[in-house]
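Peer 1: I'd like to go over a predicted model; first the sequence, then the structure.
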Amino acid sequence: PTLIFYDSMNPYAHVSFLHRSQRTQTLTATLSPSWDQTLIFDHILIYGDPQATRQDPPLVVLELFGRDIIDKDDFLGRSMCSPLVCLDLGSRHLPRLQWYPITKQQKEAGKLLAAFELLLDPKVKGVWFFLDGGRCLHKLKGGVTSTLEDRTRIQNNLDKLESCLPAPSWKNGIYVIPSGIRPTLRLMAIEILAWGLRGLQSYNLLSVMSPSLVVECGGEAIQTAPIRDLLENPNFPINVFLMRVHLPMEEDLMPPIELKVVDNREFGYKPVVGQASVRSLRQYMCEPTNESHSPSPTSSPVPRTSGEHCLSPIEEEECVDWWSKFYAATGDLAKSRDYLQTGLDSLKVYNCELEAVPEFQGLQDFCQTFRLYRGLVQEKASEDPLVVGEFKGLFQIYPLPEDPSSPPPPRQFQELPESQPQKCLVRVYIVRAFNLPPKDRNGLCDPYVQVTLGKKKLGDRDQYLPNTLEPVFGRVFELPCTLPLEKDLQISLFDYDLILPDQKIGATSIDLENRLLSRFRASCGLPQSYCISGPCQWRDQLLPTQLLENFARMRSLAPGRDTARAPCPSAVLGFPISENKVPVHGHLGPPRERLALHLLRTCGLVPEHLETRTLYHSIQPGIDQGKLQMWVDVFPESFGPPGPAFNITPRKPKRYELRCIIWNTQDVDLQDTSITGQRMSDIYVKGWLDGLEEERQRTDVHYRSLGGEGNFNWRFIFPFEFLPMEQVCVLPEKQSLWSLDETVLKVPPKLILQVWDNDKFSADDFLGVLEIKLLSMACPARRPQACTLKMLQDESDSPAPPRCPRTSLFKQRLARGWWPCVVQEEGRQRLSGKIEMTLELLTAKEAEERPAGKGREEPNMNPILQPPVRPEASFLWFTAPLKSLRYILWQPHKCKIILGFLLLLLLLLLAAFIYSSPVRVPMGGLGVTAGVGAPHHKPWVGLQAQTENPSVPGAAAPPCPGRA
């Protein structure tokens, strides 16, 4: 079994069957004990039918212990095994060794290779036994059979069964495994590539300084030379070893390879500071060939030569950038625009780590990483083994000829790279992350990146991205390092907090040494074409022809040798293959280099890629904490300076200004009714950009529009930020009043205009809306009669082509004409008005050179807006009441008013005439008569006469003047 032991652990097995138990011999300290022992339990009575025992046999319980001289023995694990039941020894088939799991506290603790067999003993009285042809006889009472013939037949069968069941061989005080069960062995060669040790932890408070490796398998062992100084060079001085050992021919029965790391300390003290066990050897089986094992591309570097075709920097601004290539690879064609039509390189996006891609063999084709453990640490079911370091190496197992005079097969590890530490430049490209867990109360987080390599740590917490679970970082980190001393690159994501300590979101680790040593050349991915300029400029240290020469040298395909077995035939013999791809852009390099790159891409090397790595947290091991898309380039200094790094800075929006001049409206719905019963509206227009409702603007009011006409001459100015490559507006906004940072939203650019009816004492009435997509807007009509609902037909609403031509304001920059306004009635659109306006799109620089004010404010220019010439009836009624009467009553009803005035004047004259007419009243007793039509009589005249002549007889006193 494979277990984790203390240094002085001596394992043994305690086997129990029913009420009997035995134990094996105790072995010395080993991770893979091999007892080669047979334990026999004889004369065990099992009550019941033998057939029932065959169907459900009792279990064999095997417990493993580690012998401890000072304290009690340590329990290592338990295995429950079911034996093979044989009731007829005449037809017995020997059991086959099998692997049984060893568990401890419901966790795997190793594997056991063993065989168990339960045989029916025919000599025991009172039990069932089988005779001829499987016919069952039973012992009669007293142990005597019925006839002499039966006794004779039984004895003959017992003799025959004893010959079928020979006793196991006795050797060194134990029974060894019988030859029929013991696997067949053959001579095998285990070729060991011991590259080095990594990250060894201290032992007994002392650092490990001079370790060596012990390899054991099948009773053979070999020890490497010690590393002189682990801190300066952790690689072994001699890397290749050969061990001859007899192994089973069945690969499943091969014993594991046991690894021990011994620290060579003073006074001859050599403690075991770490150990591991390689269980399955099938993956290392190979057929020896004359070809050597593929070495690392770092071997025998070819110096970079200076030629006429040098890598040049980008000299002009491109219409595409790296993000166009990225979005084209991820299938987001809306953001990549026409990148696929440019003929530039594409990008391979892996949805997993590069080590998890099957065709790259985990990037451990040159050497694998084996974790080293120490001590028995699985005291609790939740604890994991204590990892104290790593061993870098590889094994190749192949058969050796039995005849000593036969030539041995060729060695597999040849032409190894230089094992001395190398200084390298590491470029870490962090593109974006997604599916991050929320860390703040608003359900979002504020992530930032931190890169750690050795003692170097890069990443500024002030460059966090607020309020997002899918941050786009677009950052490049360059770190110098020395491999393999600083081989583990760790990328961590943290959540920014203003007061509390930053929370760790997750991290991922990359072994840079494996990428540098892999024969798949994972240090720098190969692009699709060799470009000397542009967004896909060559960034490697060596030219494609030099890389191809290195690859041919590693595969022993030098010129002049047979290249029929080469992965890329004729690759090193003058490049006789012609290029079948016509250049489609002007960034390509010379044809020879392009052809060499084409041949390299046919050899299964790592292409230019983007890997998706899973983030994990130590508090929640094994639980996905999000994904991180990135890639890493490793450049050894011995190859010269690398090419320019890719610019993956996130796209920055450009500042634009949209100027919208509202000239007139026409045929707007009339919502109000005047006191005279006429339909009218007090029209005004307000507008905003989609997503910027808080910055909406409105015109002044055109009062008392009787025919739906409105005159404004009013300018709206909407500044905004726009991403030309993604065709979206970038809108920062705060989610709440207490938010410290703004959340960035991306929406398509769309202008929204609404026509309203102004009311002073109630809510304004909605008259119509116009939504204009600036990227695909309908061309305006020149005349209001041509402005119809057909202009609003959207390309996405119908598969038929739009009836009205469409254009992009970002290309046309200026448009003037009439657009329709609509309202929704019963699920259908109805034309509710028309707007005449001018749309002008300016860059920030153009807007600064051509200033203009909002409305008709200063600076009123570009163009100058004069006050509108509105009808005289267009004013606010309570500011000029007499003027309101003039336009409300006089103008529409002046004839009626004049006629009524004349009639009223006539009535007044008639009333005055009647008032001034004389009226006679009969005066009883005074002799005064009155009548209508009598001569006008002045009563006071007679009175005056009588007064003057009082002697006249019959004169009476004068009456009081008055009306009868």
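Peer 2: Cool, got the structure.

Peer 1: from here on, contacts and neighbour counts on C-alpha atoms
Peer 2: OK.

Peer 1: How many residues are close by residue 511?
Peer 2: The number of residues packed near residue 511 is 16, by other C-alpha atoms under 10 Å.

Peer 1: I'd like the mean pLDDT over the helix or strand where residue 893 lies, please.
Peer 2: Using DSSP states H and E, residue 893 falls within helix 891-916. The average pLDDT within helix 891-916 is 86.

Peer 1: swap in stretch 658-674?
Peer 2: 91.

Peer 1: now do stretch 555-565
Peer 2: Here the average pLDDT along stretch 555-565 is 51.

Peer 1: what's the answer for stretch 223-236, then?
Peer 2: pLDDT averaged over stretch 223-236 gives 93.

Peer 1: List the buried residues in it.
Peer 2: Within stretch 223-236, the residues that count as buried by 16 or more other C-alpha atoms under 10 Å are 224, 226, 227, 228, 230, 233, 234, 235, 236.

Peer 1: what do you get for stretch 445-462?
Peer 2: 445, 446, 447, 448, 449, 450, 451, 452, 453, 459, 461.

Peer 1: With just CA atoms, put that stretch into PDB.
Peer 2: Taking C-alpha atoms only, stretch 445-462 is exported to PDB below (Å, rounded to 0.1, in the frame of the first residue of the first chain):
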ATOM      1  CA  CYS A 445     -17.300  44.200  -5.600                       C
ATOM      2  CA  ASP A 446     -14.400  46.500  -6.400                       C
ATOM      3  CA  PRO A 447     -11.700  44.200  -7.700                       C
ATOM      4  CA  TYR A 448      -8.000  44.900  -8.400                       C
ATOM      5  CA  VAL A 449      -5.100  42.700  -9.500                       C
ATOM      6  CA  GLN A 450      -1.900  41.800  -7.600                       C
ATOM      7  CA  VAL A 451       0.900  39.800  -9.200                       C
ATOM      8  CA  THR A 452       3.500  38.100  -7.000                       C
ATOM      9  CA  LEU A 453       6.700  36.400  -8.300                       C
ATOM     10  CA  GLY A 454       9.300  35.500  -5.700                       C
ATOM     11  CA  LYS A 455       9.700  38.500  -3.500                       C
ATOM     12  CA  LYS A 456       8.400  40.900  -6.200                       C
ATOM     13  CA  LYS A 457       4.800  42.100  -5.900                       C
ATOM     14  CA  LEU A 458       3.100  44.400  -8.400                       C
ATOM     15  CA  GLY A 459      -0.400  45.900  -8.400                       C
ATOM     16  CA  ASP A 460      -1.800  49.100  -7.200                       C
ATOM     17  CA  ARG A 461      -4.900  49.000  -5.100                       C
ATOM     18  CA  ASP A 462      -5.900  52.500  -6.200                       C
END
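
Peer 1: Tell me how far that stretch lies from the chain's centre.
Peer 2: Averaging C-alpha positions (C-alpha atoms, centre = their mean, to the nearest Å) puts stretch 445-462 19 Å from its chain's average.

Peer 1: contact partners of that stretch?
Peer 2: Stretch 445-462 has contacts (C-alpha atoms under 8 Å, 6 or more residues apart in numbering) with 437-439, 463-469, 471, 477, 479, 481, 485-497, 505.

Peer 1: Please give the centre-to-centre distance between the longest strand belonging to the chain and its chain.
Peer 2: The single longest strand within the chain, with elements called by DSSP state E, is strand 828-843. Distance of strand 828-843 from the chain centroid (C-alpha atoms, centre = their mean) equals 41 Å.

Peer 1: Tell me the buried residues in the next helix or strand after it?
Peer 2: Under the assignment DSSP H and E, the closest C-terminal helix or strand after strand 828-843 is helix 844-849. By neighbour count on 16+ other C-alpha under 10 Å, the buried set for helix 844-849 is 844, 847.

Peer 1: tell me what helix 844-849 is packed against?
Peer 2: With contacts defined as 3 or more C-alpha pairs under 8 Å, 6 or more residues apart in numbering; DSSP states H and E, the packing partners of helix 844-849 are strand 654-666.

Peer 1: Please name the strands paired to the strand it packs on in the sheet, noting orientation.
Peer 2: strand 710-723 (antiparallel), strand 828-843 (antiparallel) (DSSP bridges).

Peer 1: Show residues contacting the following helix or strand past it.
Peer 2: Going down the chain from strand 654-666, the next helix or strand is strand 672-673, by DSSP H and E. Strand 672-673 is contacted by residues 679, 680, 681 when judged by C-alpha under 8 Å, 6+ apart.

Peer 1: same thing with stretch 196-205?
Peer 2: Contacts for stretch 196-205 (C-alpha under 8 Å, 6+ apart): 207, 208, 234, 235, 236, 273, 388, 389, 390, 391, 392, 393.

Peer 1: Can you spell out the domain ranges of the protein, please?
Peer 2: Split into domains by automatic domain parsing, the chain comes to 10-175, 185-295+371-399, 320-357+426-523+608-636, 526-605, 654-874, 876-917, 921-964.
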